[in-house]
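A.B. asks: When you get a sec, could you give me coordinates for this:
(one chain, ligands or ions: 1)
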Amino acid sequence: MNFTRSDFPDGFLFGTATSSYQIEGHKFGGAGPTHWDSFAATPGNVVRAEDGALACDHYHRYEEDLDLIAAAGFDCYRFSTSWARVLPEGRGAPNAQGLDFYDRLTDAMLARGLKPCVTLYHWELPQALADLGGWRNPDIANWFADFTEVIMGRIGDRMYSAAPINEPWCVGWLSHFLGAHAPGLRDIRATARAMHHVMLSHGRATQVMRGLGMSNLGCVFNMEWATPVDETPRAHAAAEVYDAYYNRFFLEGVFKGRYPKLVLEAFEPHLPKNWQDDFSTIQEPLDWVGLNYYTRKIIAPNDGPWPHHHEVPGPLPKTFMDWEIYPQGLYDFLVRTAREYTGDLPILITENGMSNADILKNGAVHDPERIDYLNQHFEQARRAISDGVPLQGYFVWSLLDNYEWALGYEKRFGLIHVDFETLERTPKSSYQALTSALKD
Ligand code: FCB
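C.D. replies: Residues are numbered from 1 along each chain as shown. Sure thing, here's the model as predicted:
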């Protein structure tokens, strides 16, 4: 890497991130079915109809995986808890094996000196709750609060930090408007309600965790910079709408107690009754804000229905996801978030990384592309810090190659290669490079 730990302020947190369904192996340990299992079982939704039944078998191999995190010199590990592993029916009787697993996992992190940074929900909604309308049902805020109570009642005392929901945009928009993730809907009313209920559930879970005496509570929002396709006012307006429903909606809800006008224009008739009353819950004070950042999109206006725009391919070098590499966007989001929304509140980069066409050859994986990507983004992080942004940590996505949702297992994001036949782990050269950079 072209930096070392000492190029960052004292106490800056270096971490790596994963999520439960993407790595654990959902078929183990008495977990209940989730909407990702049924989504994946429906032809056309997921590459080769792959699912998370086995994934990386982290459920059994977590000690080895945590050893690798510790050996790299990371300070913290961002993981998530599977709702359906803890409550197989989404509500009611907990699964003792599930609770025991997260308990063991937590103690195993602490034993290695790793700070546990939990996200409560990273997308695998219990099927029984999806059957009741999932994120469209206003009761989900109560169901989620109850889940929070159960899981954090068991491990909350040992968490370094916690965030309720990973990437509200993906839970809301990507899954209910674009239909690209479970439950695969394309419906504006479902989207408006899901996005609002995600916000409400975030607030309720935060209250529950405060009630349990937990501290260092935050949120994890994903952001994509919106670049207008040209300099026309129409193109600029189109990019602003994208920015409003993608990036600003959640920040504005949590930190300003309102939703952007550009989104309300289309959402207002679809939001649940008395939605404005929920902001007192949504605005529960937080201790930090987390940003996940990967890329930008080029936005062009069109004459179709709202949001009256579409994406067009951009000219920059791309990752294996076909995402443009645009490190400047990370800097711009860090500066803008602090300036317009969060002031002195600590910011963390809770995900950043790249998918690459990695090949295992003679027991090694050379991924200079990933090293380069990370160098460019860490550099923007340093720039933001020197410009006064209270950035306090950076989590690389991801520890392991894993189940990349609708794209199955072929998009490799890991610092560590996983052979999905043998499940053997092989640290890539990016892992080695970070290990040297993180040495004191
Ligand atoms: C983020 C998700 C994560 C992974 C990365 C590539 O949107 O939080 O699970 O899919 O993208």
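A.B. asks: Show me what the most centrally placed residue in the chain is bridged to.
C.D. replies: Nearest to the mean C-alpha position of the chain, counting by Cα atoms, centre = their mean, stands N166 at 4.1 Å. N166 forms beta bridges with V220, as assigned by DSSP bridges.
A.B. asks: Thought E124 was touching it, still the case?
C.D. replies: No - applying Cβ atoms under 8 Å as the test, N166 and E124 come out as separate, 10.7 Å apart. C-beta: built from backbone N, CA, C; applies to glycine.
A.B. asks: any idea how far the residue nearest to the centre of the chain is from the ligand?
C.D. replies: Computed as Cβ to the nearest ligand atom, to the nearest Å, the N166 to the ligand distance reads 5 Å.
A.B. asks: What does the pLDDT read for that residue?
C.D. replies: N166 is assigned 99 on the pLDDT scale.
A.B. asks: State the three-state secondary structure for M223.
C.D. replies: strand (DSSP: H, G, I helix; E, B strand; the rest coil).
A.B. asks: Neighbours of the spatially closest residue to N216 that is not a sequence neighbour, how many?
C.D. replies: Once flanking residues are discounted, N216 sits nearest to S161: 4.1 Å by Cβ to Cβ, 6 or more residues apart in numbering. For S161, the neighbour count with other Cβ atoms under 10 Å is 24.
A.B. asks: which residues touch L120?
C.D. replies: Taking Cβ atoms under 8 Å, 6 or more residues apart in numbering, we find L120 in contact with 80-81, 83, 144, 147-148, 151-152, 162-165, 205.
A.B. asks: Run a quick neighbour tally on the residue in the stretch 1-150 of the chain positioned nearest to the ligand.
C.D. replies: Nearest residue of the stretch 1-150 of the chain to the ligand, counting by Cβ to the nearest ligand atom: S19, 5.1 Å away. S19 has 25 neighbours, counted by other Cβ under 10 Å.
A.B. asks: what are the phi and psi angles of the nearest residue to it once chain neighbours are set aside?
C.D. replies: Distances taken as Cβ to Cβ, 6+ apart place H122 nearest to S19, at 3.6 Å, with adjacent residues excluded. Taking degrees, to the nearest 10, you get phi -130, psi 50 for the backbone angles of H122.
A.B. asks: residue contacts, H122?
C.D. replies: 19-22, 80, 166.
A.B. asks: My guess is L360 contacts G414. True?
C.D. replies: No - applying Cβ under 8 Å, one finds L360 not in contact with G414, separated by 11.5 Å.
A.B. asks: Who has more neighbours out of these two?
C.D. replies: More neighbours surround G414 than the other of L360 and G414, with 30 against 14 (other Cβ under 10 Å).
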